[in-house]
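J.: Everything below, folded, please.
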Amino acid sequence: MSENISNAEKPTEYILPVHPRGLTGESNEYVVTDRMKSYDWANYNPLKSYRESVELYADRPMVGARKKLDIHHYGEFEWLTYRQTATYVDQMRDFLSTTTLRPGDNVVIYGRNRVEWMLADLACQAAGLVSVPLYDALGIDNLMYICDLTEIKAAFVDKRHTALMLSLKDVIPSLELVVSFDPVDHHGLLSSTAALYCERHNIDLRNKDDSAVFAMEEIRSEVFSSAPSMPSILTAVDVNNTPIPPDMAHFTAILDSTAPYPEGPAIVEWNVALTRGNAAPTQPDHSWKPEETFSILFSSGTTDRPKGVPCRADALVTAIVVASSIMGNGPRDSSSIKPGKPRYDTLLSYLPLAHVFERSVEHMAFWRGDAVGYYSGDIRLLTSDLQALAPTLLVCVPRVLMRMYNSMTQKIEEATGVSKYLLNRYLALRHRQVLEENLRREPVKPSPLGMRLVYSKFRGALGGRIRNIFVGSAPIDGNVLIFLKEALCLDDCVQGFGLTETQSVGASSVKYETSAGHMAAQTPNTELKLVSVPGRYEASGANPRGELCMRGHAIFKGYYKRPELTAEAIDEDGWFHTGDVAEAVTVDGFVNFRLIGRLKNVLKLSQGEFISLDAIDAAIETPYTSAHVTLARGTEPFPVVICAVDKDRCIADGLLPAGATPMDMQADSFKRELLGRMREQAQGALRPFEMPKSIAVTAFDWTPDTGLVTPSLKAVRAEFVTQFAGEIDRMYAEPLF
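T.: Below is the predicted model:
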C-alpha cells in the first residue's frame with residue numbers, strides 16, 4: 001500500500017467532481033448513441049462487440065498492411081474486410097479446438113503489430129483462451145518470468161521469436177504449441193534454436209571438446225511435422241567418432257536423441273493452422289461472462305519485474321465505449337454520415353499492441369466500424385506508412401507528438417519572405433478561429449485559402465486526412481496540444497489518462513476548453529480523488545495536490561499472482577492508488593486536474609527540498625533533444641540531466657557547427673549552451689533548486705532495445721543510474737552552472 005495510506009491517521013482527501021460536460025450522455029458534445037442504449041451490458045463482451053460489427057460493417061475494410069516489395073520498400077495498403085476477418089478468426093478458433101488447449105488456458109502473443117496479431121487475439125477470445133500479449137522488445141529474463149508465471153500453453157509468434165520460444169522449452173515445460181505468423185525455415189530454425197539454447201547455458205558451439213551435452217529431444221522430428229528431412233538431421237552425434245551432418249556443419253554441438261527430455265511443442269505455420277481449422281468441425285464462440293479474465297496485460301516494468309494485470313471482459317467494453325465517446329460519439333452508420341464525410345475513421349497501428357492504450361483504441365475502432373492499418377514494422381518508415389495510409393485518427397505518446405511539434409516549429413522558424421508571412425498570417429487566423437470555437441462550442445471551418453497555402457503542408461506529413469489526435473501514456477505540454485490542433489486543423493487533440501490497471505480508462509481533456517494540458521473526471525462509473533502525501537503534497541486549500549486515486553467499474557481487482565502488490569495498491573475502500581501525483585485546477589469555471597509526475601520520482605534533495613523529476617523533465621523540454629531524463633541524488637543539492645541530441649536541429653540553430661562530430665557534442669561549451677537553453681525554457685516554471693546544473697549527452701538514440709526506455713518510450717531511470725554511474729559522478733563533481 002502506498003506510504004500515505006498506511007498511516008493510522010487518514011490523510012486529507014479531495015474528491016474531483018465530474019465535469020458537467022463529461023461523458024454522461026447529457027451534453028451536446030458526447031451523445032450516448034441508440035446502439036449503446038440497447039446493450040444488455042450484463043452480458044456484453046469484446047467478442048460480441050466484434051461479431052456485431054462484422055454484421056453491421058461486413059464489407060468495410062477492417063485491417064490492412066502494406067505489401068512488401070523488397071527489404072526496404074513497401075507498396076500500398078492491402079485490406080481485409082470485416083467479413084473476411086471473421087472467416088480467418090473462425091478458422092483459427094476451430095484449429096485451436098483441435099489441440100489440447102482448453103478455455104481458460106493462457107496463450108502468449110509475441111511480436112510486432114500486424115494483421116495476424118489482432119486476428120490471433122480475436123481467435124483466442126472466440127476459443128475462450130486468455131491472451132498474454134508481450135512487448136516485442138521484452139528482454140529474455142522478463143520473457144521467461146512471464147511465461148513461467150502464467151504457465152502458458154501456446155504462443156503466437158513472428159519469425160524473429162519462433163526459435164527463442166522453442167529454446168526456452170526447458171524453463172517453460174507447459175508450452176505445447178507454437179503458431180508462427182510467418183513461414184518456417186525448419187533447418188534454419190533448428191540451428192537458431194540450438195544456438196539460443198547453448199548461449200543461455202554457456203555451451204561453446206565452437207569447441208568440440210566441450211563436455212556439455214545439448215539435448216535436442218524437444219525439437220526432434222515430431223516438432224517439425226512438415227519437414228520430412230528432419231529425422232536424418234536429428235540423430236545422435238558423437239563429436240569424437242561421428243562427423244557432423246552436412247546440414248549441421250555450422251552448428252557444432254552434441255545431439256542426444258536418447259536423453260529423457262519431454263516432447264517439445266508442436267510448431268505450426270499460421271496458414272497451415274488456418275487450413276486445418278477450415279477442415280475441422282465448426283465450433284461455437286466461447287460465451288464470456290463479464291467478470292471473466294480474457295487477457296493478462298503486463299506492465300513494461302520501469303522498476304521491478306513486470307506486473308500482470310488480469311483484464312476483465314466488462315472492463316474492456318467500458319474502455320471501448322469511453323474511447324469512442326471521446327473520439328466522436330460512437331459508431332457511425334448510414335443515417336449519421338454527413339455529406340462529404342468519410343464513412344469511417346482510419347488509424348495507423350504502430351504503438352505496441354501489448355500496451356493497454358493501443359489495444360483498447362483498436363477494439364474501439366472495430367466497435368465503430370473503423371479501419372486499422374498496421375505499420376511496416378520499422379519505426380524509421382513511420383512517415384512513409386502515415387503518408388501511404390493517410391489516417392484520420394492518430395494515437396500517440398507524448399514523445400512522438402513532441403518530435404512532430406519540433407519539426408513543424410523548425411519549418412516555421414526557417415521560413416523566409418512570403419512563405420514566412422503566409423505561415424504567420426494563417427496560423428494567427430486559425431488561432432483566433434479556435435478561440436471562437438471554444439467560446440461557441442461548435443466548429444469553425446478553416447480558411448480554404450489558408451488550407452491550400454499553409455495547413456495542407458503540415459497535414460501532408462500525416463497523409464492529409466487527419467482529423468483527430470489522441471495522446472496518452474504520459475503528461476504533455478498543453479501549448480503543444482493547442483498548436484497542433486490549430487496548425488493541423490484538427491477537430492480535436494485529446495489528452496487522456498489511464499493505466500494498465502484501469503484498462504486505459506480514467507480521464508481526458510474536454511472539448512472546447514480555452515486551455516490545454518489538463519483533464520477532467522468524466523468517465524461513467526469512475527471516481528477520482530486526490531489524497532495528501534504527508535510532508536510533500538496537501539490535498540486541501542485553494543490548490544489541492546496529492547496522489548491520484550481511482551475507483552470504479554473498469555478498475556482491476558488485483559495483480560496476477562501478486563497479492564502483496566495488490567494490498568499495496570488497493571485500499572480497504574476499493575480505491576486504487578495510482579502512484580501519480582496531480583493537482584486540481586479550475587478551467588472555464590470547472591474543476592480539472594493536471595498531472596505533476598510519478599510519486600516514486602518525487603525525492604528530497606540534500607538541503608531538504610522536494611522535487612519532482614517528471615515535472616522538471618516537462619519544464620526543460622526543448623527541440624534540441626530527441627529525449628532527455630532528469631536524475632537526482634538525495635545526497636546532492638541539485639538535479640542533473642542525460643539527453644539524446646537532435647543533431648540537425650542543433651546545427652540549424654547554431655548550437656553545433658555544420659558537420660558536427662561526436663566529439664563536438666561532448667564539448668563542455670556545447671553542453672553548457674544546450675543546458676542553458678533548457679534552463680531558459682524552464683524559467684518561471686521551476687524554482688532555483690529544481691534547475692539542473694549539469695548535463696550528459698549520449699551518442700545514440702534511446703530505443704527499447706537499449707533498456708533505457710520502455711516500449712511506450714518512458715525512461716527507465718534505474719537503467720540510466722546503472723549504465724551512466726560514472727558519468728553521473730562526473731556531472732556532480734563538475735557542474736556547468
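J.: got a list of what the closest residue to Leu134 other than its chain neighbours touches?
T.: Leaving aside its sequence neighbours, Leu134 sits nearest to Tyr110 (C-beta to C-beta, 6 or more residues apart in numbering; 4.4 Å). All C-beta atoms are positioned from the backbone trio N, CA, C, and that covers glycine. Going by C-beta atoms under 8 Å, 6 or more residues apart in numbering, Tyr110 touches Pro133, Leu134, Asp136, Leu138, Leu143, Ala155, Phe156, Val157, Asp158, His161, Met165.
J.: Please tell me the pLDDT value assigned to Tyr110.
T.: At Tyr110, the model reports a pLDDT of 96.
J.: Check Ile466 too.
T.: Reported pLDDT for Ile466: 93.
J.: Just list the residues touching it, thanks.
T.: Counted by C-beta under 8 Å, 6+ apart, Ile466 has contacts Pro391, Thr392, Leu393, Leu394, Arg459, Leu488, Leu490.
J.: so how many other residues sit close to the third one?
T.: Same thing as Leu393. With neighbours defined by other C-beta atoms under 10 Å, the count for Leu393 comes to 23.
J.: which residue packs closest to it, ignoring adjacent ones?
T.: The nearest residue in space to Leu393 (C-beta to C-beta, 6+ apart) is Leu347, at 4.3 Å.
J.: and that neighbour, how far is that from Glu55?
T.: 22 Å (C-beta to C-beta, to the nearest Å).
J.: More neighbours: which of those two?
T.: Leu347 (23 against 10).
J.: In which helix or strand does the more buried one reside?
T.: Element membership of Leu347 [criterion: DSSP states H and E] is strand 346-349.
J.: longest strand anywhere in the protein?
T.: strand 576-587 (DSSP state E).
J.: Which elements pack onto the next helix or strand after that one?
T.: Sequence order places strand 590-598 as the next helix or strand after strand 576-587, per DSSP H and E. When contacts are defined as 3 or more C-beta pairs under 8 Å, 6 or more residues apart in numbering; DSSP states H and E, strand 590-598 sits against strand 545-552, strand 576-587, helix 613-619.
J.: Show which residues not belonging to strand 590-598 make contact with it.
T.: Contacts of strand 590-598 (C-beta under 8 Å, 6+ apart): 16-17, 19-21, 475, 497, 507, 510, 517-521, 528, 530, 545, 548, 579-586, 612-615, 617-618.
J.: Looking at the contacts of Tyr110, spot the one nearest Val645.
T.: Within the contacts of Tyr110, the smallest distance to Val645 is 26.2 Å, found for Asp136 (C-beta to C-beta).
J.: so what pLDDT did that closest one get?
T.: 87.
J.: Run a quick neighbour tally on the closest residue to it other than its chain neighbours.
T.: Setting aside the residues directly before and after it, Asp136 is nearest to Arg112 in space (C-beta to C-beta, 6+ apart), at 5.0 Å. Using other C-beta under 10 Å, Arg112 has 22 neighbouring residues.
J.: next one: the one 5 residues further on
T.: Neighbourhood size, Trp117 [other C-beta under 10 Å]: 23.
J.: Can you tell me the SS state at it?
T.: At Trp117 the chain is in helix, as set by DSSP: H, G, I helix; E, B strand; the rest coil.
J.: Mind pulling up the pLDDT for it?
T.: Listed pLDDT for Trp117 reads 98.
J.: circling back to that earlier point, and the residue nearest to Leu393, how far is that from Asn202?
T.: According to C-beta to C-beta, Leu347 and Asn202 sit 45 Å apart.
J.: before we move on, back to that, among the contacts of Ile466, which lie within helices?
T.: The members of these that map onto helices under DSSP state H are Arg459.
J.: Now a PyMOL select for only the buried ones of the contacts of Ile466.
T.: What follows is the PyMOL syntax for the buried subset of the contacts of Ile466, where burial is set by 16 or more other C-beta atoms under 10 Å:
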select buried, resi 391+392+393+394+459+488+490
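J.: okay, among the contacts of Ile466, which ones form the most distant pair?
T.: Leu393 and Arg459 (13.5 Å).
J.: what's the following helix or strand after the stretch of helix or strand Glu76 belongs to?
T.: Using DSSP H and E, Glu76 falls within strand 74-81. Counting by DSSP H and E, the next helix or strand C-terminal to strand 74-81 is helix 82-97.
J.: average model confidence for that next one?
T.: Per-residue scores along helix 82-97 average to 97.
J.: and that helix, what does it pack onto?
T.: Partner elements for helix 82-97 (3+ C-beta pairs under 8 Å, 6+ apart): helix 46-56, strand 61-68, helix 115-127, helix 270-279.
J.: which of the residues in the first one are buried?
T.: Residues Pro46, Leu47, Lys48, Ser49, Tyr50, Arg51, Glu52, Ser53, Val54, Leu56 are the ones in helix 46-56 that count as buried (16+ other C-beta under 10 Å).
J.: is it true that the residue nearest to Asp136 touches Asp158?
T.: Yes: with contacts defined as C-beta atoms under 8 Å, Arg112 counts as touching Asp158 at a distance of 6.6 Å.
J.: need the contact list for the residue nearest to Leu393.
T.: Leu347 neighbours (C-beta under 8 Å, 6+ apart): Val361, Glu362, Ala365, Asp370, Ala371, Val372, Gly373, Pro391, Thr392, Leu393, Leu394, Val395.
J.: For the second one, which non-adjacent residue is spatially closest?
T.: Going back to what we said before, that points to Glu362. In space, and not counting its chain neighbours, Glu362 is closest to Val372: 5.5 Å by C-beta to C-beta, 6+ apart.
J.: cool, and the first one?
T.: In space, not counting the residues next to it along the chain, Val361 is nearest to Val395; the distance is 5.1 Å by C-beta to C-beta, 6+ apart.
J.: Against His363, how distant is the one you found?
T.: Val395 is 12 Å from His363, by C-beta to C-beta.
J.: So the two - more neighbours on which side?
T.: A direct count of neighbours by other C-beta under 10 Å for Val395 and His363 places Val395 higher, at 28 against 23.
J.: Do I have it right that that one meets Ser360?
T.: No: Val395 lies out of contact with Ser360 (C-beta under 8 Å); the separation is 9.7 Å.
J.: quick one: the strand holding Glu76 to helix 115-127, angle?
T.: For strand 74-81 against helix 115-127, the angle between stretch directions is 20 degrees (axes from the mean of the first three to the mean of the last three C-alpha atoms, to 10 degrees).
J.: Could you check strand 74-81 and say which residues are buried?
T.: Tyr74, Phe77, Trp79, Leu80, Thr81.
J.: what do you get for stretch 599-608?
T.: Leu599, Asn601, Val602, Leu603, Leu605.
J.: can you put those residues in JSON lines and add distance to Phe181?
T.: Below are the buried residues of stretch 599-608 laid out as JSON lines (distance: C-beta to C-beta, whole Å):
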{"residue": "Leu599", "distance to Phe181": "40"}
{"residue": "Asn601", "distance to Phe181": "38"}
{"residue": "Val602", "distance to Phe181": "43"}
{"residue": "Leu603", "distance to Phe181": "44"}
{"residue": "Leu605", "distance to Phe181": "50"}
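J.: Among these, which one lies nearest to Thr100?
T.: Among those, Leu599 lies closest to Thr100 (C-beta to C-beta), at 44.8 Å.
J.: thought the closest one was touching Leu530?
T.: No: at 11.9 Å, Leu599 does not count as touching Leu530 under the criterion of C-beta under 8 Å.
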